[in-house]
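Undergrad: what would the 3D arrangement of this be:
(2 chains)
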Amino acid sequence: MNQRITNRYEFTNKLIMEISELTIKKFHEGLVNKQFSAFEITKEFFDYIEKMDVEIEAYLRLTKDLALSQANRIDVELASRNFEISKYLIGVPLAIKDNILIEGELATAGSKILENYRASYDATVIKKLKSAGAIFLGKTNMDEFAMGSSTENSAFQKTKNPRDLERVPGGSSGGSAAAVASDMAVAALGSDTGGSIRQPAGFCGVVGLKPTYGAVSRHGLIAMASSLDQIGPIAKTVEDTAILFEAIKGKDELDATSIDLRPTTYDLRLEDIKKLKIGLPKEYFQGADLRGLNADSRGKSGLDKATEKSLQETINILKSQGFKFKEISLPHTKYALSCYYIIMPAEVSANLARFDGIRYSQMSNVKGQMLNLKNIYFKTRGEGFGDEVKRRIILGTYVLSSGYYDAYYAKAQKVRRLIKEDFDKVFNPSADGVDVILTPVSPTPAFKIGEKTNDPLQMYLSDIFTIPVNLAGLPAISIPVNLKAKSPKLKANLPIGFQLIGKHFHEVDILEIGQYYEKLATSH
Amino acid sequence: MLINKKTLEYLAELSRIELEKKSEDKLLKDLQKILGHFEELKEVDMENVDPTRPPSTSSKAKSGAVAGGRAERDLSHAERGGTIEMNVFREDEPSVKRQMPAVQLTGQFPEKENGFLKVPAVFE
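TA: As a prediction, this is how the structure comes out:
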């Protein structure tokens, strides 16, 4: 049975705004025009969450004390005009994925092994958002250690897709995407290693950006695969995504892989944006490789029917406005999955070695027992890690072990180089290159809960369009094809996202085309 | 058979993870399937591929601000490989930013004695 949740929620008499209409800018207007105070609205959000989240389960825990004290402070500063009124993020309530550290709050990364771990410092992105005046409502659910594409691997609870409670919200940032899609936060932060922001954004019908590798500091992000991880925003509109990105990006002394970036001005003049050439990689529009899709659900190209139709719609809308498209080829696309599932587990096996039952929290099966050190490790990790995590650690250990290193890891690194070069070639301006690439986000819309949990390889395949982007370190954004679909009055169509991939550090290109598309799609 | 039970048990030992006997078979099957998928990499011609160097020989890495704006579209060669080949150093001094009260860190030790983390003997 397809259950629907109504998004309409009446605030107090002072507020007539529908909570679903609250974008960052609208929120800012409301706050600055004194339609509500930061404290009032934060409390309203908590009341709303209490009702909505019973079914959706996007939040692992709420940070009420923190949020309300932040809100109080903001109201005081606004009253005394201490805050720059131009800062859009003042008072904006955000949801934060539980692998991002907020000092003093629990950070579990969705895992039992960190069930009692309290963060001893703020992630750099949190520090930046605090000084921008944003408010943190709570920590959201995720696949354990960001390993998964459905949030079903969380050790704690299963988050549902707000658009269809029998379906997954995607993963691993499923909680954050679901919170934004059901208006339980104005926006959120997630993390993306192989698609974990973009895929859930696509499944839930919201916008998700994975910045260029190095654009946003990873300090305070519980590491999964250090050469692939990035923190990024999930929001209702591309404009909101851009605002959040501006607030969190930048060089950080505490992250040696972060890069200095100048502030960007977004300039939405169509004549300039239309000069950007959009590439359509043929390998992404064939369904031949997509296992698990039966013949009936495939369109002409072999892609899932609904996805094929939606992408064609998007391309037509953009074409009608004068955007130029070019068919391109990224020949090593099909090897990206293997490449990723060798490199990522290898890095995971190193990054998760620190969870030994000594340094972070202690597991109950170990407490009070007279075990030697080795057994503490075995039992803690045996009990504290879920199946997917164990699978990937063991896979990573295997590909790095002597005798197998050359056969797998060394090979995968070479393939990674080839995949990057594919993108370099199509982006090359001196070779009639394109500026931006457009692809589907996922092979299918959101699948049902439990549908892919028995076959890990099937689950991995849901990331085939997002993975190459992380391997190459490029920026990419997932935008809902039909933005109006958020309205509950519309038919119950599952959201479908399209992906825009930009050149390194050219988030401005994909954000501008995205914002332009948003204007078009909402007026169609 | 790309991976057998003995190898699995060896890997579990290396990664310090205690596996339940009943889940070993399924885990083994899953891993075999995944490793089977990797066989496709044998098709790729990797004769002259160096994973760490971009095709261009230029190593003119730019330091300082990178333009993200519209005005400067062409990035330098070193940046186009996806990894900017640039050494990032800092002074070999304690960073003021990282100081935090010791109790914040030691407060979460599962077992302590006189402010030190207590663990069983490393060597027996």
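
Undergrad: now A:T314: which helix or strand?
TA: Under the assignment given by DSSP states H and E, the secondary-structure element containing A:T314 is helix A:305-320.

Undergrad: now could you export just the CA positions of that helix as CSV?
TA: Taking only C-alpha atoms (Å, rounded to 0.1, in the frame of the first residue of the first chain), the coordinates of helix A:305-320 have been written out as CSV:
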residue,chain,number,x,y,z
LYS,A,305,11.9,3.0,-18.9
ALA,A,306,11.0,5.7,-16.4
THR,A,307,14.6,6.9,-16.1
GLU,A,308,15.0,7.0,-19.9
LYS,A,309,11.8,9.0,-20.3
SER,A,310,12.7,11.5,-17.6
LEU,A,311,16.2,12.0,-18.9
GLN,A,312,14.9,12.6,-22.4
GLU,A,313,12.5,15.2,-20.9
THR,A,314,15.3,17.0,-19.2
ILE,A,315,17.4,17.0,-22.4
ASN,A,316,14.5,18.4,-24.4
ILE,A,317,13.8,21.2,-21.9
LEU,A,318,17.4,22.3,-22.0
LYS,A,319,17.6,21.9,-25.8
SER,A,320,14.5,24.1,-26.2
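
Undergrad: chain center to that helix, what's the gap?
TA: If you compare the mean C-alpha spot of helix A:305-320 with that of the full chain, they lie 23 Å apart, counting by Cα atoms, centre = their mean, to the nearest Å.

Undergrad: same question for stretch A:454-474.
TA: Relative to the centre of its chain, stretch A:454-474 is centred 14 Å away, using Cα atoms, centre = their mean.

Undergrad: only the buried residues of it, if you could.
TA: Neighbour counts using 16 or more other Cβ atoms under 10 Å in any protein chain shown place A:456-474 of stretch A:454-474 among the buried residues. Bear in mind the C-beta positions are built from the backbone N, C-alpha and C, glycine included.

Undergrad: and it, is it in reach of chain B?
TA: Yes. Using Cβ under 8 Å from any Cβ of the partner chain, stretch A:454-474 reaches chain B at A:455-457, A:460, A:471-474.

Undergrad: same deal with stretch A:272-281?
TA: Yes. When contact is scored as Cβ under 8 Å from any Cβ, part of stretch A:272-281 falls within range of chain B: A:D272.

Undergrad: now for A:F385: which residues touch it?
TA: For A:F385, the set of contacting residues under the criterion of Cβ atoms under 8 Å, 6 or more residues apart in numbering or on different chains consists of A:111-113, A:144, A:352, A:355, A:393, B:17.

Undergrad: can you give me the strands for chain B?
TA: Defined through DSSP state E, the strands belonging to chain B, from first to last, are B:112-113, B:116-117.

Undergrad: partner strands of the first one, with direction?
TA: For strand B:112-113, the pairing partners within the sheet under DSSP bridges are strand B:116-117 (antiparallel).

Undergrad: on the three-state scheme, A:L280 is what?
TA: strand (DSSP: H, G, I helix; E, B strand; the rest coil).

Undergrad: quick one, what contacts it?
TA: By Cβ under 8 Å, 6+ apart, the contact set of A:L280 is A:315, A:325-328, A:437-439.

Undergrad: most neighbours among these, which one?
TA: Taking other Cβ atoms under 10 Å in any protein chain shown to define a neighbour, the member of the contacts of A:L280 with the most is A:I437, carrying 27 neighbours.

Undergrad: I figured it hits A:V426, correct?
TA: Yes. When contacts are counted by Cβ atoms under 8 Å, A:I437 is listed as touching A:V426 (7.1 Å).

Undergrad: now the common contact residues for the two.
TA: Counting by Cβ under 8 Å, 6+ apart, the contacts common to A:I437 and A:V426 are A:279, A:281, A:328.

Undergrad: what distance do you get for the residue in chain A sticking out farthest from the centre to chain B?
TA: When distances are taken from the C-alpha mean of chain A, A:M370 lies farthest, 42.3 Å away, according to Cα atoms, centre = their mean. When Cβ to the nearest Cβ, to the nearest Å is applied, the distance between A:M370 and chain B equals 8 Å.

Undergrad: where does pLDDT dip in chain B?
TA: B:1, B:52-85, B:96-99 (pLDDT under 70).

Undergrad: got a list of what the residue nearest the centre of chain A touches?
TA: Relative to the mean C-alpha position of chain A, the nearest C-alpha, by Cα atoms, centre = their mean, is the one of A:I197, at 1.6 Å. For A:I197, the contacting residues are A:173, A:176-177, A:190-191, A:208-210, A:232, A:234, A:478, by Cβ under 8 Å, 6+ apart.

Undergrad: hmm, try it at 6 Å
TA: A:173, A:190, A:208, A:210, A:232 (Cβ atoms under 6 Å, 6 or more residues apart in numbering or on different chains).

Undergrad: run through who's touching stretch A:392-407.
TA: A:147, A:342, A:345-346, A:348-349, A:352, A:408-409, B:11, B:14-15.

Undergrad: tell me which of the strands of chain B lies nearest to A:H506.
TA: Each of the strands of chain B was scored for nearness to A:H506 using Cβ to Cβ, and the closest is strand B:116-117 (46.3 Å).

Undergrad: how many neighbouring residues does the closest residue to B:P110 other than its chain neighbours have?
TA: By the measure of Cβ to Cβ, 6 or more residues apart in numbering or on different chains, the closest residue to B:P110 outside its immediate chain neighbours is A:Q362, 3.8 Å from it. Other residues within reach of A:Q362 by the criterion other Cβ under 10 Å amount to 21.

Undergrad: do the same with the one 5 residues further on
TA: The number of residues packed near A:K367 is 10, by other Cβ under 10 Å.

Undergrad: quick check: residues of the stretch 101-250 of chain A near chain B?
TA: Counting by Cβ under 6 Å from any Cβ of the partner chain, the residues of the stretch 101-250 of chain A close to chain B are A:S120.

Undergrad: and stretch A:378-395, what's buried?
TA: By 16+ other Cβ under 10 Å, the buried positions in stretch A:378-395 come out as A:378-395.

Undergrad: lowest confidence element among the helices and strands of chain A?
TA: helix A:270-273 (a mean of 80; mean pLDDT, DSSP states H and E).

Undergrad: residues making contact with that helix?
TA: Outside helix A:270-273, the residues within contact range by Cβ under 6 Å, 6+ apart are A:512, A:516.

Undergrad: quick one: contacts for the residue of the stretch 351-500 of chain A at minimum distance from chain B?
TA: Of the stretch 351-500 of chain A, the residue with the smallest distance to chain B, taken as Cβ to the nearest Cβ, is A:G382 at 3.1 Å. With contacts defined as Cβ under 6 Å, 6+ apart, A:G382 is in contact with B:17-18.

Undergrad: and it, what element?
TA: Using DSSP H and E, A:G382 sits within helix A:373-384.

Undergrad: what's the answer for A:V389, then?
TA: Assigned by DSSP H and E, A:V389 belongs to helix A:387-400.

Undergrad: extract the CA atoms of the helix or strand harbouring A:F136 and return them as PDB.
TA: Assigned by DSSP H and E, A:F136 belongs to strand A:135-140. Extracted as PDB, the C-alpha positions of strand A:135-140 are listed here (Å, rounded to 0.1, in the frame of the first residue of the first chain):
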ATOM      1  CA  ILE A 135      21.300  25.600  13.700                       C
ATOM      2  CA  PHE A 136      21.700  21.800  14.000                       C
ATOM      3  CA  LEU A 137      18.500  19.900  14.600                       C
ATOM      4  CA  GLY A 138      19.900  16.400  14.800                       C
ATOM      5  CA  LYS A 139      22.100  13.700  13.400                       C
ATOM      6  CA  THR A 140      20.700  11.600  10.600                       C
END
